[in-house]
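# sequence and computational prediction follow.
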Amino acid sequence: MPDIVAERSGSILRIQLNRPAKKNALTSSMYGTIADLLDGAAKDDRTRVVLWHGAGDSFTAGNDLEDFVKNPPGPGGSPQARLNDALITFTKPLVAAVHGAAIGSGTTMLMYCDFVYAGESARFQLPFINLGLVPEFGSSFLLPLRAGYLRAAELVLLGKPFDASQAATLGLVTRVVSDQTLLTTANEVAQSLAEKPAGALQACKRLMTGALRERVQQAARVEAEEFAARVRSAEAREAFTAFLEKRRPDFTRTQPAEAIHGG
């Protein structure tokens, strides 16, 4: 089975992350595939709504670290950057159904969805700091905008997990529902959206997001440059090595990247 399964049901395109044995951890090729699907859906008049969910017991555990180490994103046109651009410019309704792990990009990508339904099992985390990295997908701008700086700082600078109820309080989730009704709920909302006048629906979304689009694009560009530097830093190398060796990282022997770069 492919890592991404896309199927159309009427005017709804369903995108399923399909690596259940790996908790749907994302490879660089998967980022590119999702970007292609969203770009195609944006141009296809038959598609009115996109519904996004994961197979197995999770939405996604974020980056597949082994693939990530082999294919770290650069400051230019990486698959991650392509998906970020596709999400920023996507004007049709995007509905997400989230259960289990929603880690890293599994949390940050949700900030571009118009409806996010979380099952009671959903667990979110922005663990970038623990890997010597910075947030991505424009989340350094979008998260403080939604949750306020103090709450965003707690999530980003400590990198601790949080549950579906807290995600709803922070404005990251539309509603928390039981895992048993999660997909049904998301599908019913997608169907209701598909029955609305498509032109007016897209115009409403453009009006609500248009003023932010340029600022999000700028934030994403700055993030990508910083991320590309951090992923090649001594701190990140220590974090990745420790993860693969199943030990705690020791950051006391690494210099800050600013010192390395002479900043």
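Alright, I've got the coordinates. Residues are numbered from 1 along each chain as shown.
# just the helices from the stretch 101-250 of the chain, written as ranges.
For the stretch 101-250 of the chain, the helices defined by DSSP state H, counting those that start in this stretch occupy 105-108, 139-147, 149-158, 164-169, 182-194, 198-230, 234-244.
# deepest-packed of those, please.
Most buried of the helices of the stretch 101-250 of the chain, by mean neighbour count (mean count of other Cβ atoms under 10 Å): helix 105-108, with a mean of 27. Where C-beta positions appear, they are placed from N, C-alpha and C, glycine not excepted.
# can you give the distance of it from its chain's centre?
3 Å (Cα atoms, centre = their mean, to the nearest Å).
# what does it rub up against?
Helix 105-108 is contacted from outside by 24, 26, 58-63, 80, 98, 124-126, 135-139, 142-143, 172, using Cβ atoms under 8 Å, 6 or more residues apart in numbering.
# on that earlier part again, between the helices of the stretch 101-250 of the chain, which one is closest to Val50.
helix 182-194 (8.1 Å; Cβ to Cβ).
# so that closest one versus helix 198-230, what angle?
Going by axes from the mean of the first three to the mean of the last three Cα atoms, to 10 degrees, helix 182-194 is angled at 130 degrees with respect to helix 198-230.
# pLDDT score assigned to Ile260?
Ile260 is assigned 41 on the pLDDT scale.
# for Thr252, same thing?
88.
# which residues in the stretch 1-150 of the chain form strands?
Using DSSP state E, counting those that start in this stretch, the strands of the stretch 1-150 of the chain run over 4-9, 12-17, 49-54, 94-98, 101-103, 115-119, 123-125.
# mean pLDDT and mean neighbour count added to the ones you listed, as CSV?
Converted to CSV, these look like this (pLDDT from 0 to 100; neighbours: other Cβ atoms under 10 Å):
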stretch, mean pLDDT, mean neighbour count
strand 4-9, 97, 14
strand 12-17, 98, 21
strand 49-54, 98, 25
strand 94-98, 98, 27
strand 101-103, 98, 26
strand 115-119, 98, 24
strand 123-125, 98, 21
